[in-house]
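Novice: got a predicted structure plus its sequence, pasted below:
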Amino acid sequence: MNEININNKLPLVSVIIPAYNAEKFIAETLESVLSQIYQHIEVVVVDDGSKDETSTIVRQFAARDDRVRLIQQANAGVAAARNCAIQNSQGDFIAPLDADDIWYPLKLDKQVQCLMNSDSNVGLVYCWSAHIDEVGSFTGGSSAGNRQGKVLIDLVYRNFIGNGSVPLIRRSCIEQINGYDKSLRDRDAQGCEDWDITLRVAEYYEFRVVPEILVGYRQTFGSMSSLGKVMEKSYHLTVEYIQKNHPEIPPMIYQWSEAEFYYYLAQGARQNGNQWRALGCIGKAIRLDPETFLKRDFFIGVFY
């Protein structure tokens, strides 16, 4: 253990966790947070209308560690739950975490050091993540981007952040862009909330990366990444916002981006055993960017 607990000059990190019917994994997720080397944290869990034992499990953690707090609300979607957690937190830095993912012990420590050593024009620090299955074993997949500085065009092309449990963001950045976009759910377009907020941060701030695997991103049957039609709508609405505000970005970038997105949907479809949908998404990706086929070993597994 380091000296973080007695050093009040270190920034408070607010860990924000939206949870909906998360009883299967929430305990493991919270254990990974409370086991962080960086201990100057608060953990705000928003139970977004769960019908299982999520709230009971979180209360057990809160009873033994006063850094954990539970807020309950009627189901309003992941963006509204994250915003609720942020509004009820006090940290200088915001660390979103999905209720089924895990952090490895150095995650916050590495990112806080990076952000503290950066200029104020750096608003977000990300790291690498490894895909894990329902029992926490590595599946072989990963997200390992290396883009730094002004990354908006790179992030439009591909969501190299990987998932919503990766970033550490300055609170001032989130306040400037008015938090997560809950209107996506209102338009039946959930799925891209995490990409959307990083895009909007990238409009104003630079990014930095800690090039280490510090997050376990859980792949489960029926996860949001597999909900194709809803995700498609969410993607297109998110891109429309960027296109409207950044006409300087070449149209080809958006075409390549869409090809990458359909490849992503093909992965989700294949993971859930829907080979025909996977093939359909691959076809769309190839039409948008023929070179996509040459870049991906994944396609071999779909056709054979």
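Specialist: Structure received. The model shown is predicted, which means the values in this text are computed figures rather than measured ones.

Novice: and the most centrally placed residue in the chain, what is it in contact with?
Specialist: Nearest to the centroid of the C-alpha atoms of the chain, with distances taken as C-alpha atoms, centre = their mean, sits Gly164, at 0.7 Å. Residues in contact with Gly164 (C-beta atoms under 8 Å, 6 or more residues apart in numbering) are 96-98, 193-194. For every residue, glycine as well, the C-beta is placed using N, CA and C.

Novice: sort out for me which of those residues are in strands.
Specialist: If you go by DSSP state E, the contacts of Gly164 have Pro96 in strands.

Novice: from the contacts of Gly164, pick the one nearest Val156.
Specialist: Nearest to Val156 among the contacts of Gly164: Asp194, at 14.6 Å, using C-beta to C-beta.

Novice: so what's that closest one closest to, chain neighbours aside?
Specialist: Leaving aside its sequence neighbours, Asp194 sits nearest to Gly164 (C-beta to C-beta, 6 or more residues apart in numbering; 3.3 Å).

Novice: secondary structure element for that neighbour, which one?
Specialist: Assessed by DSSP states H and E, Gly164 sits outside every helix and strand.

Novice: one step back: quick check, nearest of the contacts of Gly164 to Phe160?
Specialist: For the contacts of Gly164, the minimum distance to Phe160 (C-beta to C-beta) is 12.5 Å, reached by Asp194.

Novice: the longest strand in the chain is where?
Specialist: In the chain, with assignment by DSSP E, the single longest strand is strand 206-218.

Novice: show me what that strand is packed up against.
Specialist: strand 102-103, helix 107-116, strand 122-132 (3 or more C-beta pairs under 8 Å, 6 or more residues apart in numbering; DSSP states H and E).

Novice: just how off-centre is it within its chain?
Specialist: From the chain centre to the centre of strand 206-218 is a distance of 11 Å (C-alpha atoms, centre = their mean, to the nearest Å).

Novice: what of stretch 229-237?
Specialist: Relative to its chain's centre, stretch 229-237 lies at 16 Å (C-alpha atoms, centre = their mean).

Novice: show me what the mean pLDDT comes to for that stretch.
Specialist: Averaging pLDDT along stretch 229-237 yields 91.

Novice: buried residues in it, which are they?
Specialist: Within stretch 229-237, the residues that count as buried by 16 or more other C-beta atoms under 10 Å are 230-235, 237.

Novice: any regions of the stretch 201-304 of the chain where pLDDT drops low?
Specialist: Scanning the stretch 201-304 of the chain for pLDDT under 70 picks out 221-227, 292-304.

Novice: any idea of the angle the longest strand of the chain forms with helix 107-116?
Specialist: Here strand 206-218 runs at an angle of 170 degrees relative to helix 107-116 (axes from the mean of the first three to the mean of the last three C-alpha atoms, to 10 degrees).
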